[in-house]
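> Need coordinates for the following:
(2 chains)
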Amino acid sequence: MTQIPARDAERYALGTVGVSKNFGGVQALHRLSISIPRGQITCVIGPNGSGKSTLINILSGMLPLDSGMVIVDGEGLHVVHPYEMPDLGITRTFQDVRVFNQISVWDNIMVVLTRRKLLPALLERGKASQRERAEQALRDVGMWDKRNSLAEDLSYGQRKLLEMARAMALDASIYLFDEPFAGLFPQMLTRVKDIFKQLRARGKSILFITHNMDIVRELSDHLIVMDSGELLVEGDVDEVLARREVIEAYLGD
Amino acid sequence: MTTRTGESTEAGQRLGLVGRLKNGNIELWANLIVLALVIGFVFWRGSGFAITIGTVFAIWAILTVSLNLVVGYTGLLSVGHIGFFGIGAYSVAILTSTTDYSLLRTQSIPTHEWPFFAALPVGIVLAGAVALVVGVVFNRFRDDVFVLVSFGFAIISFNLFLNAGAITRGAFGIHEVARPNIVGRTLDGELEYLIMALACLAIVSLVAWAIVTSSFGRVLTAIREDEQAAAVFGYRVTHYKLAIWVISAMMAAMAGGLFSSWTSFIDPNSFILLESILLVSIVILGGLATIWGSLLGAMTFVLLEEGMRFLPFIPDVYVGQARQVALGVLLVVLMLFRPQGLMGRYKL
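Numbering: from 1, shown residues only, chains lettered A, B, ... in the order given. Below is the predicted model:
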């Protein structure tokens, strides 16, 4: 068997090996093998329908994979359940912002901090340590004042921030962000960029999707280019962006 | 309706009681009106009437509070709740059955002569076991498909009560269901029974309150909002849904046991699908995801049901239909102007 880079847990936090995924005949991912470097920001780009979101859904266990495996911290997994994510140190946000709409902002955060097992959860009513962490998470994104509002009453940008705060409250080591910059006005954009930089400074690994090439250049260390469910090219961001086929496909002229 | 509930309550805290009333705080108005109606009725009709509506209220309220855990908090719109109510009712009726039956010429059933307080837990556990089995299957479904399969459960349980004649006496029903007996003393007084029913309601409400204020309860609401997102944050949503489904079914069975021993006669007609739908309506009327709302909703319904008997312009024979019409109209008005119900914050 050939050397699999993602097996190197020191260098790579996450990866896939030969992952394929079909949706009723449509091949969303085809034998995709990628590696996501530890402690860096990795960006996935590619045209619409190239399988970027499917990749994140597979990495977070929300879609079962047809073949291949996911590698987390050097360990190969053929089956990934969504509820294992916190234990694997993985968290995510969604392309179509998915906060818990009809509960308060506060409860949106608390829900990721409390005990997971049935009986302990039944006997637990918000410990002081959990409340402190929730408060911190909300203050970090500047939403402490909104804690009693229902999530559905927030603006789009605020809901996006809330979703990010929810992911960060989990204190994972790997963050998967599906189009975190889409639809944000400049002030919010800066805020989210700051969050990325903070996370990287704390040694976290990030995988995110975007269509904005300026953000790719500004933020990412590692770049993955996908097309039609396949890996086009992967590597250091400057190297990848210098390559002809990428220039032709994405940067125009 | 431009003001949202959250804002109006925050503003209300600054305004004080009178200010809140003037401000059109619907929650407060609803509470006051129901309270006034209760007091009015009791003074008008006397204590006997109060005891009767109190008992009916306690039984309905156990059902609405328990159903709200599933419908309001977890977002599973079940129209099969009456099935579990029936399991509790039939368990108590069958297990406490005495030789009095054998004297009847019609189809007889084996007599067990258990005391009420032995039969009730068996009914509750049985309902829990049935809920567990049914729930494992139902866990695959959600939203409108869940409504349909729970509909199926209501139909199946009704047909079981009707056709398992050897143990349920089918359409004949079971007569002379025994009253509870505490240390050699039978609770045949209506007031005693009321106290016991209210005690049961208090236990159920307390358990429900403990559940919804715990971390477990918060997870239920998250599951209601987005099951997949809740899963990605480490929750085994199927376990959570199954757990609350079973707990809720057991509470409904408790109400069933109380009901059959109180009325002393049950037949399958008490457990038809329509009753289930009525229950869902009362839960929505009181407000989804609020326990107080379910209590208020049950009281409103009982007042409506009993109160309409005394309206002079409705002939006695039409009272049954009239109160369903009234409830229907009330629901439509509510959905138009206040979709979260009298007390709730959450909308379907």
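
> Now do the strands in chain B.
B:181-182, B:185-186 (DSSP state E).

> Just give me the neighbour total for residue B:62.
31 (other CB atoms under 10 Å in any protein chain shown). For glycine as for every other residue, the C-beta is placed from the backbone atoms N, C-alpha and C.

> Could you list which residues are in contact with it?
Residues near residue B:62 by CB atoms under 8 Å, 6 or more residues apart in numbering or on different chains: B:200, B:201, B:204, B:251, B:252, B:254, B:255, B:258.

> Skip the chain neighbours and tell me the closest residue to it.
Among residues not flanking residue B:62 along the chain, residue B:255 sits closest, at 3.9 Å (CB to CB, 6 or more residues apart in numbering or on different chains).

> Same question for residue B:113.
Per CB to CB, 6+ apart, closest to residue B:113 is residue B:98, 5.3 Å.

> Please work out how many residues are found near the one you found.
Neighbour tally, residue B:98, other CB under 10 Å: 13.

> What score does it have for pLDDT?
Note on residue B:98: pLDDT of 79.

> isn't it right next to residue B:176, touching?
Yes - counting by CB atoms under 8 Å, residue B:98 does reach residue B:176; the two are 7.0 Å apart.

> show me where chain A has helices.
Ranges of helices in chain A, per DSSP state H, are A:52-59, A:85-88, A:105-110, A:118-123, A:128-140, A:156-169, A:186-201, A:213-219, A:237-242, A:244-246.

> Looking at the second one now, give me its mean pLDDT.
This points to helix A:85-88. Mean predicted confidence for helix A:85-88 is 95.

> Can you give me the buried ones in the biggest helix by length in chain B?
In chain B, ranked by residue count with DSSP H as the criterion, the top helix is helix B:237-263. Residues B:237-238, B:240-262 are the ones in helix B:237-263 that count as buried (16 or more other CB atoms under 10 Å in any protein chain shown).

> quick one: residue A:50 and chain B, what's the gap?
22 Å (CB to the nearest CB, to the nearest Å).

> Low-confidence regions, the stretch 151-300 of chain B specifically.
Applying pLDDT under 70 to the stretch 151-300 of chain B flags no residue at all.

> So what would you say the end-to-end distance of stretch B:259-268 is?
Using CA to CA, to the nearest Å, the end-to-end distance of stretch B:259-268 comes out at 13 Å.

> Other residues contacting that stretch?
Against stretch B:259-268 from outside (CB under 8 Å, 6+ apart): B:55, B:59, B:85-86, B:88-90, B:92-93, B:96, B:116, B:158, B:161-162, B:168, B:170-180, B:193, B:197, B:270.

> What subset of the residues you listed is buried?
B:55, B:59, B:85-86, B:88-90, B:92-93, B:96, B:116, B:158, B:161-162, B:168, B:170, B:173-175, B:177-180, B:193, B:197, B:270.

> Return the residues in contact with the closest residue to residue B:61 other than its chain neighbours.
What sits nearest to residue B:61 in space, not counting adjacent residues and going by CB to CB, 6+ apart, is residue B:298, at 3.9 Å. Contact analysis of residue B:298 by CB under 8 Å, 6+ apart lists B:57, B:60, B:61, B:63, B:64, B:65, B:282, B:286.

> tell me the contacts of the last one?
It refers to residue B:286. Contacts of residue B:286 (CB under 8 Å, 6+ apart): B:64, B:68, B:293-298, B:300, B:341-344.

> Give me the residue at the spatial middle of chain A.
Nearest residue to the geometric centre of chain A (CA atoms, centre = their mean): residue A:176, 0.9 Å.

> same check, this time on chain B
Short answer for chain B (CA atoms, centre = their mean): residue B:63, at 1.6 Å.

> what does the stretch 51-200 of chain A have sitting close to chain B?
A:60-62, A:82-87, A:91-92, A:94, A:98-103, A:107-108, A:110-112, A:114-116, A:118, A:121-126, A:148-150, A:153, A:166, A:170 (CB under 8 Å from any CB of the partner chain).

> Would you list the buried entries among those?
Buried members of these, scored by 16+ other CB under 10 Å, are A:60-62, A:82-86, A:91-92, A:94, A:98-103, A:107-108, A:110-112, A:114-116, A:118, A:121-122, A:124, A:126, A:149-150, A:153, A:166, A:170.

> Which ones among these map onto strands?
With DSSP E as the criterion, strands contain A:91, A:92 from among these.

> interface residues of chain B facing chain A?
Of all the residues in chain B, those lying near chain A are B:4, B:6, B:10, B:210-211, B:213-216, B:218-219, B:221-222, B:224-226, B:228-237, B:239-240, B:243, B:345-347, going by CB under 8 Å from any CB.

> These, buried ones only, as a ChimeraX selection?
Those of the residues of chain B next to chain A that count as buried under 16+ other CB under 10 Å are selected in ChimeraX with:
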select /B:211,214,215,216,218,219,221,222,224,225,226,229,230,231,232,233,234,235,236,237,240,243,345,346
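
> and residue B:275, how many residues sit next to it?
Residue B:275: 18 neighbours (other CB under 10 Å).

> distance of it from residue A:49?
Noted for residue B:275: a distance of 50 Å to residue A:49, by CB to CB, to the nearest Å.

> Also residue B:132?
43 Å.

> Pretty sure residue A:15 is one of the things residue A:207 touches, is it not?
No - Residue A:207 is not in contact with residue A:15 according to CB under 8 Å; the separation is 10.3 Å.

> Mind listing the shared neighbours of those two?
Joint contacts of residue A:207 and residue A:15 (CB under 8 Å, 6+ apart) are residue A:36.

> any idea of the pLDDT on the residue of the stretch 51-200 of chain B found nearest chain A?
Closest approach between the stretch 51-200 of chain B and chain A, counting by CB to the nearest CB: residue B:75, at 9.3 Å. With respect to pLDDT, residue B:75 scores 93.

> And the helix or strand bottoming out on mean pLDDT in chain A, what does it pack against?
Least confident helix or strand, chain A: helix A:244-246 with a mean of 76, by mean pLDDT, DSSP states H and E. Under the contact criterion of 3 or more CB pairs under 8 Å, 6 or more residues apart in numbering or on different chains; DSSP states H and E, helix A:244-246 touches strand A:230-236.

> Paired strands for the strand it packs on, with orientation please.
strand A:222-227 (antiparallel) (DSSP bridges).

> now the strand it pairs with against helix A:52-59, angle please.
110 degrees (axes from the mean of the first three to the mean of the last three CA atoms, to 10 degrees).

> outside of strand A:222-227, which residues touch it?
With contact meaning CB under 8 Å, 6+ apart, strand A:222-227 is reached by A:32, A:34, A:36-37, A:40-47, A:50-52, A:55, A:216, A:231-237, A:240-241, A:246, A:249-250.

> Buried subset of the residues you listed as a ChimeraX selection?
Per 16+ other CB under 10 Å, the buried members of those correspond to this ChimeraX selection:
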select /A:32,34,36,37,40,41,42,43,44,45,46,50,51,52,55,216,231,232,233,234,237,240,241,246,249,250
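
> any idea which of the contacts of residue B:286 has the most stuff around it?
In the contacts of residue B:286, the most neighbours by other CB under 10 Å go to residue B:294, 33 neighbours.

> Tell me where the model's unsure across the stretch 101-250 of chain A.
Short version for the stretch 101-250 of chain A, where the test is pLDDT under 70: A:249-250.

> now swap in the stretch 1-150 of chain B and tell me
In the stretch 1-150 of chain B (pLDDT under 70), the answer is B:1-15, B:23, B:100-107.

> The same query, at a cut-off of 80, please.
For the stretch 1-150 of chain B, the stretches with pLDDT under 80 are B:1-25, B:98-110.

> gap between the closest residue to the residue nearest to the centre of chain B other than its chain neighbours and residue B:60?
In this structure, residue B:63 finds its nearest non-sequential neighbour in residue B:255, 5.0 Å apart by CB to CB, 6+ apart. As for residue B:255, its distance to residue B:60 is 8 Å (criterion: CB to CB).
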